[in-house]
Every structure is written in C-alpha cells, then in structure tokens.
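Trainee: Build me a model from this:
(chains A and B)
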There are 2 protein chains.
Amino acid sequence: MSPESNARRASTGLRARRADAARNRARLIVAAANLFDERGPEASLDEIAKRACVANATLYRHFATRAELILAVYAEEVTELAGLAEQLRSASDPGQALTDWLRAFVRHVTEKRDLALALPDNLDGRRGVLFADWHATMHTAADRLLKRARTAGTVRRDVRAADLLALATGIAMTGLPESRLDALLALARHGYATPIPAR
Amino acid sequence: MSPESNARRASTGLRARRADAARNRARLIVAAANLFDERGPEASLDEIAKRACVANATLYRHFATRAELILAVYAEEVTELAGLAEQLRSASDPGQALTDWLRAFVRHVTEKRDLALALPDNLDGRRGVLFADWHATMHTAADRLLKRARTAGTVRRDVRAADLLALATGIAMTGLPESRLDALLALARHGYATPIPAR
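Mentor: Sure, this is the predicted structure:
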C-alpha cells in the first residue's frame, strides 16, 4: 500500500472517530437535560450514560465531573433560546414573537434555575462566566425582538429589554404551574390598567 | 381605708400594669421589626430588648422564643398592610390607590420573606396558619381595591386579584433595588404591548 493511501485511511478513521465522539457528546447532553428535568441536578450519572446508550467511561471521558455536564446542558439550552430568538425575528407578528420568546424564557428559567444553582462556586470562575454569558445572550435576544416589535408599533416606546427580562424572571420565580405563568405573562403584556394612549 | 377604695386602688394598679405590658410589647415588636430588617432574622434578642428600652426578662416574658417574636412582627406587618388597604379605599384615584398598595405589598414581601422563611416548621402548625391568614388577608385587601378601581373603569375587567398578587410577588422575588422594582410595577400596570381597546 502506498504511503498516501495509508495516510488517507488514517485520516478517514480519525474523522469517523471524531464524528462518533461528537454524536456521543450530543446524546449525553440530551439525556442529561431530560434526566436533570425529571430528577433534578442530582440525577444519577450512570443512568444518564444508560439513557444516552453510551458506556459510563465514555460519559467520564466527555465530562470529567457532574459540573462539566451541567455546564454543557446549560450552554446548549442558552444556544437553543438564542436560536429561537433568531427564528422568531422573521415571524409575521413581531409583538406575538416577543411574547412567544418571553414564554420560552420563563420556561427556561423555571426549569434550569435549580441546575445553575447546583453548580459549585469553585469552577475557576467559570460559573460567573456562564452567568455573564447567559445574561448577555438573553439581553441581546430580547432586545432584538423588542426593537423589531417597537418598529412595528406593537410595544410601548419606553419598554426596556432589561425590565422585560427581570419581570419574566420574577414570573418564573413564583414557581406557579404553567397555566398560571401564562396568565401572568398575559398580564405583563397588556397591563392591569385600562389602556391610556401609547407613549 | 374602706374595702371599696382598696379594691379601686388594686384595680387601678392592674390597669396600669396592663397598659405598661402592652406598651412594652408594642415597643419590642417595633424594635424587633427594625433589627430584623437591619440584621436579618438572626438579630440578637438582647439588642432588641436594649433598643426597646426593656429588660431582657421582659422580652422573654412576652416572647418565649425567637419564633414567637417573628410571628408577632409578621402579624403586625400584615395588620398594617390591611390597614393601608382600608385607608386607600377612600383615596380619590382608585387606580393609583391599587398601585400604591401593590407597591407596599412588594416592599413587604421583599423585606419580610426571609423572616417568614426563618420560622421553624414545627410551631404546632402555626406557621401554616400564619401563611394561610397572610394569604387570605392580602387577597381580601387586593380584591377590594381592585373592585373599586374596576368600578371606576381604571383597571381591565379580566384582571384577577390572585394574578396581581402573584405578579407582585414575582417582582419582589427578583431581589432588585427599589427603583427597579418600581419600574417593574409600572411595566405590570401599563403592560409592554401598545394599548388595545379595553376589555
């Protein structure tokens, strides 16, 4: 066999192993997200590996500690929420798009808060970085949808993204069932006061 | 001295002692409320007695445990909030009256939540009774102000007192500084959406 074909074969094997590893990692994150939702941040790592259909050793090769796995699940969720905001930027009703995204945000805070709080403080400052990234990403997402809705004339001119996110976070923190959370979001959208002329 | 004047003197002495005791109890509750605000639910009982200008023994005669003192402070605050609602029922602007009361409610939740949570679970079920009373009193207060504002046409017809209280609780739970809490209350009042016709 020529040295070129050997090199080609080695490179193909490497690509296949890398694709395998990426697939396993993705599967582990999905399984972990589901099990953390079902059992909380203390869900068994063995069970996560089992649900992802990978060996325990594979889980530990990808995520040396529970904290690493939590960070990955959290980062994935943030990426998804940012992706949803991107999608919603082309929705036909910009006001409804903002509300839809805020509802997803409320659900995210409700479900992932315990997970974030379960992270140890001593991750070499990575928890702080995670929270700062989260904050910046959420603000950018909300602000873009807000500006589009404002241009369309469907939100008040004096509403700020930071206040919207804070109010939505408060709604999530009530810990009420989803139907009540939707009622509170509707209240936040339309206000409790009888409408006065738009500002 | 006649037996009648003896009896009269004894009765006068009893009344004076009772008035003294009531005054000391009220002073202790005020001092405790202030020190709990400043130092949290673990504030020193000796310091509370000192600030109330009563002997330590007097404090323990009125409140055998820290939990009894917390219960009294909490009950006092609930009575005050209910009293404020009564007062605001005769305010000239019913919509503003509702908002003013909600602001006081947000401040109450912000300040007194740690106190309520510091109560031990094993108070013979009294913690549960306190929370149920609190809930019923707050609901009655909010509902009366809401109905008056609705009659005056300054709140939407579909707004429920339970949702208003839940949203205000969420706002308090964000833990933001007071100026931000006011901004969130204003957002809740007017909504983020451009006004649509009143329902």
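Trainee: And the longest helix belonging to chain A, how far out from the chain middle?
Mentor: Counting by DSSP state H, the longest helix found in chain A is helix A:3-39. Distance of helix A:3-39 from its chain centroid, counting by C-alpha atoms, centre = their mean, to the nearest Å, is 22 Å.
Trainee: Same question for stretch A:104-121.
Mentor: Stretch A:104-121 has its C-alpha centroid displaced from the chain centroid by 9 Å (C-alpha atoms, centre = their mean).
Trainee: Can you confirm whether stretch A:168-184 lies near chain B?
Mentor: Yes: Stretch A:168-184 is in contact with chain B by C-beta under 8 Å from any C-beta of the partner chain, via A:Thr169, A:Gly170, A:Ile171, A:Ala172, A:Met173, A:Thr174, A:Leu176, A:Arg180, A:Ala183, A:Leu184. Placement of C-beta: from N, CA and C, glycine included.
Trainee: A:Glu47: which element?
Mentor: helix A:45-51 (DSSP states H and E).
Trainee: Packing partners of that helix?
Mentor: If contacts are counted by 3 or more C-beta pairs under 8 Å, 6 or more residues apart in numbering or on different chains; DSSP states H and E, helix A:45-51 sits against helix A:3-39, helix A:56-62, helix A:66-88.
Trainee: and the first one, which residues are buried?
Mentor: Just to be clear, that refers to helix A:3-39. By neighbour count on 16 or more other C-beta atoms under 10 Å in any protein chain shown, the buried set for helix A:3-39 is A:Asn24, A:Arg25, A:Arg27, A:Leu28, A:Ile29, A:Ala31, A:Ala32, A:Ala33, A:Leu35, A:Phe36.
Trainee: Stretch A:118-126 too?
Mentor: A:Leu119, A:Leu123.
Trainee: quick one: contacts of that stretch?
Mentor: For stretch A:118-126, contacts defined as C-beta atoms under 8 Å, 6 or more residues apart in numbering or on different chains pick out A:Gly40, A:Pro41, A:Glu42, A:Ala67, A:Ile70, A:Leu71, A:Arg127, A:Leu130.
Trainee: mind redoing it with 7 Å?
Mentor: Stretch A:118-126 has contacts (C-beta atoms under 7 Å, 6 or more residues apart in numbering or on different chains) with A:Pro41, A:Ala67, A:Ile70, A:Leu71, A:Arg127.
Trainee: Just among those residues, which is most surrounded?
Mentor: Using other C-beta atoms under 10 Å in any protein chain shown as the neighbour test, the contacts of stretch A:118-126 are led by A:Ile70, with 24 neighbours.
Trainee: That one and chain B: what is the separation?
Mentor: 23 Å (C-beta to the nearest C-beta, to the nearest Å).
Trainee: residue contacts, that residue?
Mentor: By C-beta under 7 Å, 6+ apart, the residues touching A:Ile70 are A:Pro41, A:Leu115, A:Ala118, A:Leu119.
Trainee: Could you find the closest non-adjacent residue to the last one?
Mentor: This means A:Leu119. A:Arg127 (4.8 Å; C-beta to C-beta, 6 or more residues apart in numbering or on different chains).
Trainee: Which residues are in contact with the residue lying closest to A:Ala141 once chain neighbours are set aside?
Mentor: Leaving aside its chain neighbours, A:Ala141 sits nearest to A:Ala85 (3.5 Å; criterion: C-beta to C-beta, 6+ apart). Residues counted as contacts of A:Ala85 (C-beta under 7 Å, 6+ apart) are A:Trp101, A:Ala141, A:Arg144, A:Leu145.
Trainee: again, only this time at 8 Å
Mentor: A:Trp101, A:Ala141, A:Ala142, A:Arg144, A:Leu145.
Trainee: Kindly confirm my reading that the first one forms part of a strand.
Mentor: No: secondary structure assignment (DSSP: H, G, I helix; E, B strand; the rest coil) places A:Trp101 in helix, not in a strand.
Trainee: how close does it get to A:Leu164?
Mentor: For A:Trp101, the distance to A:Leu164 (C-beta to C-beta, to the nearest Å) stands at 10 Å.
Trainee: Now do the least confident helix or strand in chain A by mean pLDDT against helix A:66-88, angle only.
Mentor: The helix or strand of chain A with the lowest confidence, counting by mean pLDDT, DSSP states H and E, is helix A:3-39 at a mean of 86. Per axes from the mean of the first three to the mean of the last three C-alpha atoms, to 10 degrees, the angle that helix A:3-39 makes with helix A:66-88 is 90 degrees.
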